[in-house]
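Colleague: the sequence isn't on hand, but the structure is:
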């Protein structure tokens, strides 16, 4: 299915790809956007559009998106959230700290004058909220949405950890009556978890190191002597040769992300002015099994809420994978592993009308790369560009900007179309 706009950019009913090709061939329409594929008509049409419902299956790493018109699924997508924000912030923090501590240009600390607004969430979580807000806004501009279904799920982490927990046990945590160190000493019988030594000074140690995503939860902590702690370094307990020392190292990370941001997303959806329906994970699973769809984020999105019909017709056999990439970095200096400059980036974002990440078509008349190339462009100040494929691999290098044509401007996301696992109509 192809999204359609009239000449005034008013969203109309989507049409079949065959009809879109016919309109483009007859020059009654032009391509407005490649991803998601949208055409714009050369004239305005007074037909009344149908009502469409956007369904959102929110997850910490991937979010499923689906657009339905009653029992017809006209569009499916998966939104892949960024996972590098925390690492980039830590890297920036280290660079600034080094400039303060070494004999370099002094940058005064700003810790005292920073205040967090009410409702603040970390940037890595806020990125997920912004991604969903961006795509709800974009869909409103290319299809006449009237309703939204949103899976508003709260994870009970205590129940996930202990399925038999009930009543007052929720108020009696693992550390009831203990401090962390005292609890670990008694749990491991005041013995090093690795070498088994006793009657020596013991240290609190992470089973999965914090530098590799480990948390400070009790399930990820153990007791070790100083020598074992130093030798283990950045390894996990299993890599260190002690597979029996295990813990739930990152079991609740995704649950915590969803719990912290679910109401922020709900507030953004309400601000659109559309009717918002909330559904539970249990109902989504029940609906998906009833209509006979496999487990996947975009199929879960089709089955959210009470509005899900008893049968679904898939009018599309493709899933658009949307990966959030950000819009570049403010840092204009590359550094080595010690933080010293090793190269400088150009100060301007655009070069001869192109920006790194733009999707282009390059027609090369001669030379090693003679032919037609499609992909993302990597710009250089000299005007000699590289072209990358969907996997980020360079397929052509040193292409002159004069041979390149813009297909779609870079908008902070990369796109990839894939076939859906179940391309047939599904009925209960």
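Modeller: The structure has been received and is ready for your questions. For clarity, every value in this text was computed on a predicted model and none was experimentally measured.

Colleague: need the three-state assignment for the closest residue to residue 237 other than its chain neighbours.
Modeller: For residue 237, ignoring the flanking residues on the chain, the nearest one in space by CB to CB, 6 or more residues apart in numbering is residue 245 at 4.0 Å. All C-beta atoms are positioned from the backbone trio N, CA, C, and that covers glycine. Secondary structure for residue 245, judged by DSSP: H, G, I helix; E, B strand; the rest coil, is coil.

Colleague: okay, now the domains of the protein?
Modeller: Domain ranges of the chain: 2-41, 52-84+122-155+254-326, 173-251, 327-411, per automatic domain parsing.

Colleague: can you tell me which of those domains is most buried?
Modeller: domain 52-84+122-155+254-326 (a mean of 19; mean count of other CB atoms under 10 Å).

Colleague: just how off-centre is it within its chain?
Modeller: The chain centre lies 13 Å from the centre of domain 52-84+122-155+254-326; the measure is CA atoms, centre = their mean, to the nearest Å.

Colleague: so how far does it reach from one end to the other?
Modeller: For domain 52-84+122-155+254-326, the separation between the terminal residues is 29 Å (CA to CA, to the nearest Å).

Colleague: now that domain: mean pLDDT?
Modeller: For domain 52-84+122-155+254-326, the mean per-residue pLDDT is 91.

Colleague: partner strands of the helix or strand containing residue 79, with direction?
Modeller: Residue 79 is part of strand 72-80 when elements are defined by DSSP states H and E. Applying DSSP bridges to the sheet, strand 72-80 is found paired with strand 62-69 (antiparallel), strand 313-314 (parallel), strand 318-324 (parallel).

Colleague: circling back: of all the domains of the chain, which lies closest to residue 99?
Modeller: The closest of the domains of the chain to residue 99 is domain 327-411. By CB to CB, the value is 8.5 Å.

Colleague: ok, now how distant is the residue nearest to residue 123 when sequence neighbours are not counted from residue 299?
Modeller: For residue 123, ignoring the flanking residues on the chain, the nearest one in space by CB to CB, 6+ apart is residue 85 at 5.6 Å. In this view, residue 85 and residue 299 are 28 Å apart by CB to CB, to the nearest Å.

Colleague: next one: residue 325
Modeller: In terms of CB to CB, residue 325 sits 25 Å off from residue 299.

Colleague: residues in contact with the residue most central in space within the chain?
Modeller: A centroid search over the chain (CA atoms, centre = their mean) returns residue 81, at 0.5 Å, as the residue closest to the centre. Counting by CB atoms under 8 Å, 6 or more residues apart in numbering, residue 81 touches 60, 61, 62, 63, 127, 128, 131, 324.

Colleague: so who does the closest residue to residue 212 other than its chain neighbours touch?
Modeller: Excluding the flanking residues, the one nearest residue 212 by CB to CB, 6+ apart is residue 234, at 6.8 Å. By CB under 8 Å, 6+ apart, residue 234 lies in contact with 209, 211, 212.

Colleague: kindly report the same for residue 348.
Modeller: Counted by CB under 8 Å, 6+ apart, residue 348 has zero contacts.

Colleague: what pLDDT does the model give it?
Modeller: For residue 348, the model assigns a pLDDT of 86.

Colleague: can you classify it by secondary structure?
Modeller: coil.

Colleague: so what touches stretch 380-392?
Modeller: Contacts for stretch 380-392 (CB under 8 Å, 6+ apart): 346, 351-352, 354, 360, 362, 373-379, 394-402, 404, 414, 416.

Colleague: same question, stretch 186-196
Modeller: 178, 197-200, 202, 205, 222-225, 227-228, 232, 237, 240, 242, 245.

Colleague: gap between it and the chain center?
Modeller: From the chain centre to the centre of stretch 186-196 is a distance of 40 Å (CA atoms, centre = their mean).

Colleague: compute the first-to-last residue distance for it.
Modeller: OK, stretch 186-196 end separation, CA to CA: 14 Å.

Colleague: still on that earlier bit, which ones among the contacts of stretch 380-392 lie within strands?
Modeller: 351, 354, 360, 362, 373-378, 394-400, 404, 414, 416 (DSSP state E).
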